[in-house]
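Sequence plus predicted model, see below.
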Amino acid sequence: MLNVAIIGCGAIAQSVMQGLDGRADIAVASVIVPADGQTAAREALAALAHPPAVHTALAQAARPDLLVECAGHGAIAEHVLPALEAGIACVVVSIGALSEPGLAERLADAAARGHTRVELLSGAIGGIDALAAGRLGGLDEVVYTGRKPPHAWQGTPAAERCVLAELTEATEIFAGSAREAAAAFPKNANVAATIALAGLGLEATTVRLIADPGVTDNVHHVRARGAFGEFELTMRGKPLASNPKTSSLTVYSVLRAIVNRAAALVI
Ligand SMILES: NC(=O)C1=CN([C@@H]2O[C@H](COP(=O)(O)OP(=O)(O)OC[C@H]3O[C@@H](n4cnc5c(N)ncnc54)[C@H](OP(=O)(O)O)[C@@H]3O)[C@@H](O)[C@H]2O)C=CC1
Ligand SMILES: O=C([O-])CC(=O)C(=O)O
């Protein structure tokens, strides 16, 4: 039985727990949320056949086989780094957090000291295997364009640049490096950071973000060129009803990582 703890109880975490509920080989024993989110989390989880315990931190004595971060940038320093130091394997979905200079190195150092490993999940984007393999031969250019409906950009700097609800045509709301994108759009540019970390790096990866009233899906487009050749990838991700910023594939990416951890043969 794989014993799992999950950080966060929002759109992704709740869908992941629904997907795992009742499995014989995997148990989600605890969920970690901010202190003022405990009551809401208990209510949200009450409908599960096996609701996990809700905590504000991993208990000293708790040793899950896997700690799964589905929370936000702040959760990495708060929960993931100490867990790695304590030897607990972690998977992370808030990849944009690694745009903070030095955080990737701190994660690697903590995992090395704990003799364990931290895995950055592919989340809403595909092709990360090809990009990371292509990097070994040398990449010349990687360009990422993220396109979402205007309402998915509410609460971001895009809302200061235009009246999102009144857009009638596709509007560029950001152009720059993956590092700048991930820092300015922590809930909308994890994919930009993922592509950058797998490929040309946070500075050299070119990012465009677009609010587009003509789409209903979260559309991710990647163009990569290097010694391996080139590829172009378009993903049209269905947003989660509970959070339009987040594509449902992110949930399946987390589920895959957990299920693979419990499986003898993985793909
Ligand atoms: N890699 C990828 O492709 C993608 C990554 N993401 C990222 O995944 C993360 C989760 O997304 P989603 O579920 O949609 O977001 P939600 O906002 O729906 O949920 C986030 C949850 O995490 C909790 N939380 C926030 N900070 C902390 C913390 N420091 N410790 C514990 N819990 C915390 C929140 O609690 P409360 O509500 O009480 O604050 C909430 O329960 C986000 O960082 C998002 O940007 C999303 C889409 C794609
Ligand atoms: O879920 C998505 O479509 C991607 C996303 O929000 C992100 O890159 O942060």
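Sure, I can see it. Ligands and ions are numbered 1, 2, ... in the order given.

Excluding covalently adjacent residues, which one is nearest to Arg179?
The shortest distance from Arg179 to any residue other than its chain neighbours is 3.8 Å, reached at Leu202 (Cβ to Cβ, 6 or more residues apart in numbering). Where you see a C-beta, it was placed from the backbone N, CA and C, and this is true even at glycine.

Pretty sure the one you found sits against Ala178.
Yes: at 4.8 Å, Leu202 counts as touching Ala178 under the criterion of Cβ atoms under 8 Å.

ok, Ala46 to Thr39 distance?
Ala46 is 11 Å from Thr39, where distance means Cβ to Cβ, to the nearest Å.

Same drill for Leu202 and Ala178, tell me which one is more crowded.
Ala178 (28 against 22; other Cβ atoms under 10 Å).

Can you check the pLDDT for that one?
On the pLDDT scale, Ala178 is placed at 98.

residue ranges with poor pLDDT in the protein?
Of all residues in the chain, none has pLDDT under 70.

Which positions in it make contact with ligand 2?
For the chain, the residues in contact with ligand 2 (Cβ under 6 Å from any ligand atom) are Ala124, Lys187, Asn188, Ala189, Asn190, Val191, Asn218, Gly237, Lys245, Thr246, Ser247, Thr250.

which of these tops the neighbour count?
Taking other Cβ under 10 Å as the neighbour criterion, Asn190 ranks highest of the residues of the chain next to ligand 2 with 30 neighbours.

what's that one in contact with, if anything?
Val93, Ser94, Ile95, Gly96, Gly123, Ala124, Ala182 (Cβ atoms under 8 Å, 6 or more residues apart in numbering).

What count of nearby residues applies to the first one?
Pointing back at Val93 there. 30.

quick one: it from ligand 1, how far?
Distance, Val93 to ligand 1, using Cβ to the nearest ligand atom, to the nearest Å: 4 Å.

contacting residues for that residue?
Val93 makes contact with Ile12, Val68, Glu69, Cys70, Leu121, Gly123, Asn190, Thr250, Ser253, Val254, according to Cβ under 8 Å, 6+ apart.

Could you check how far the residue nearest the centre of the chain is from Thr168?
Note on the chain: the residue nearest the mean C-alpha position is Val93, at 2.6 Å, using Cα atoms, centre = their mean. Per Cβ to Cβ, Val93 is found 34 Å from Thr168.

Other residues contacting stretch 234-253?
With contact meaning Cβ under 8 Å, 6+ apart, stretch 234-253 is reached by 10-12, 14-16, 19, 93, 121-126, 148-149, 151-152, 187-188, 215, 217-221.

Quick one, which of these are buried?
Neighbour-count burial (16 or more other Cβ atoms under 10 Å) applied to those gives 10-12, 14-16, 19, 93, 121-126, 148-149, 152, 187-188, 215, 217-221.

Bridging across strands, which residues link to the residue nearest to Cys162 when sequence neighbours are not counted?
Setting aside the residues directly before and after it, Cys162 is nearest to Thr171 in space (Cβ to Cβ, 6+ apart), at 5.9 Å. Thr171 has the following beta-bridge partners by DSSP bridges: Ala211.

Could you do the one 4 residues further on as well?
Beta bridges link Ala175 to Arg208 when assigned by DSSP bridges.

State the number of residues packed around it.
Counted with other Cβ under 10 Å, Ala175 comes out at 13.
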